[in-house]
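Engineer: Kindly return the folded structure for what I paste below:
(one chain, ligands or ions: 2)
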Amino acid sequence: MVINYPAGLLMKQISGTAQFICSASCFAQLPPPEGDEFALVGRSNVGKSSFMNHACAMHKLARTSKRPGTTVCINLFKLGETLYWVDLPGYGYAHRAKKEPERWGALIDDYSRKRGNLKGVIWMVDSRHIGVDMDCRAYAWLHDLGKPVLPILAKADKLSAPMQRSQIREFMKRFGRFGEPVIYSIHEHAARQRFWERFEGWRNCVFSGAPSFQSSHHHFPIRLRVW
Ligand SMILES: Nc1nc2c(ncn2[C@@H]2O[C@H](COP(=O)(O)OP(=O)(O)O)[C@@H](O)[C@H]2O)c(=O)[nH]1
Ligand SMILES: [Mg+2]
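Structural biologist: Ligands and ions are numbered 1, 2, ... in the order given. Down below sits the predicted model:
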């Protein structure tokens, strides 16, 4: 069934009420799937945890850090009655990757491919650095995964308005198949509403099974090697 929520309702329901559910260091530790899950994917330090806190209007929901790579687990959050978000470990930090790249890749791959209620991915890219190698590899992996992707350009306060527009164009040139990215800054109050309106529309598309959101058919899976 497609539920079309009035714009802004979801944001109001979620603000200040989201809950941390658990941290899992392997797929088996996750609780049984419930409701609809959306995963946050992006480079370490791109601002995933800050974004979740800001979007949910809660300061300490997800841990944020100036030190990259501190989220080594899958963290599950309940945002609404049937809405869950998952903060995944960020990719792209060499010192971490050297230590346990296989476990990281396997953790993300396992989760993304086996979790039955994973409905879509929120992909965060630094608005200042479009097209860096790690993001290009993540793009190939996301494409292969075949789940709907909602792209976010993070830390937009670091750019002027004209630069934001030109970075959106750059993103569309490289990764346009996922649609136009939402510009986000945790220092801009209006970003929250802009995001939730877009999320609601995107989620309604996801659940209506529009053809553009159907999985693409590949003959072999691209294993994630960027984490
Ligand atoms: N200027 C600015 N800094 C941000 C923004 N979002 C996150 N940060 C900073 O980026 C750093 C990493 O953020 P964090 O949420 O821990 O990134 P994660 O590793 O992707 O979860 C922290 O120092 C945040 O304060 C933003 O929109 N603007
Ligand atoms: Mg984090």
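Engineer: Under the pLDDT cut-off, which ranges of the protein? List them.
Structural biologist: 1-7, 65-71, 93-104, 209-227 (pLDDT under 70).
Engineer: Which residue does it have closest to ligand 2?
Structural biologist: residue 49 (3.3 Å; CB to the ion). All C-beta spots, glycine's among them, are computed from the backbone N, C-alpha and C.
Engineer: just the strands in the protein please.
Structural biologist: 19-24, 36-42, 74-80, 83-87, 118-126, 149-154, 182-183 (DSSP state E).
Engineer: State the distance from residue 160 to residue 152.
Structural biologist: 19 Å (CB to CB, to the nearest Å).
Engineer: repeat for residue 40
Structural biologist: Applying CB to CB to residue 40 and residue 152 gives a distance of 9 Å.
Engineer: higher neighbour count, residue 160 and residue 152?
Structural biologist: For the pair residue 160 and residue 152, the greater number of neighbours falls to residue 152 (25 against 9), based on other CB atoms under 10 Å.
Engineer: can you pull the contacts of that one?
Structural biologist: 51, 122-125, 181-182, 184, 195 (CB atoms under 8 Å, 6 or more residues apart in numbering).
Engineer: quick one: the residue lying closest to residue 82 once chain neighbours are set aside and residue 58, what's the gap?
Structural biologist: Take residue 82 and drop its neighbours on the chain: the residue closest to it by CB to CB, 6 or more residues apart in numbering is residue 35, 3.8 Å away. Taking CB to CB as the measure, residue 35 falls 19 Å from residue 58.
Engineer: Neighbour count for the two, which is higher?
Structural biologist: residue 58 (18 against 13).
Engineer: quick one, what contacts that one?
Structural biologist: Counting by CB under 8 Å, 6+ apart, residue 58 has contacts 16, 18.
Engineer: Adding distance to residue 170 as columns, could you present the strands of the chain in TSV?
Structural biologist: Compiled in TSV, the strands of the chain are given as follows (distance: least, CB to CB, whole Å):
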stretch	distance to residue 170
strand 19-24	35
strand 36-42	17
strand 74-80	31
strand 83-87	26
strand 118-126	10
strand 149-154	10
strand 182-183	13
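Engineer: quick one: which of those strands is nearest residue 13?
Structural biologist: strand 74-80 (5.6 Å; CB to CB).
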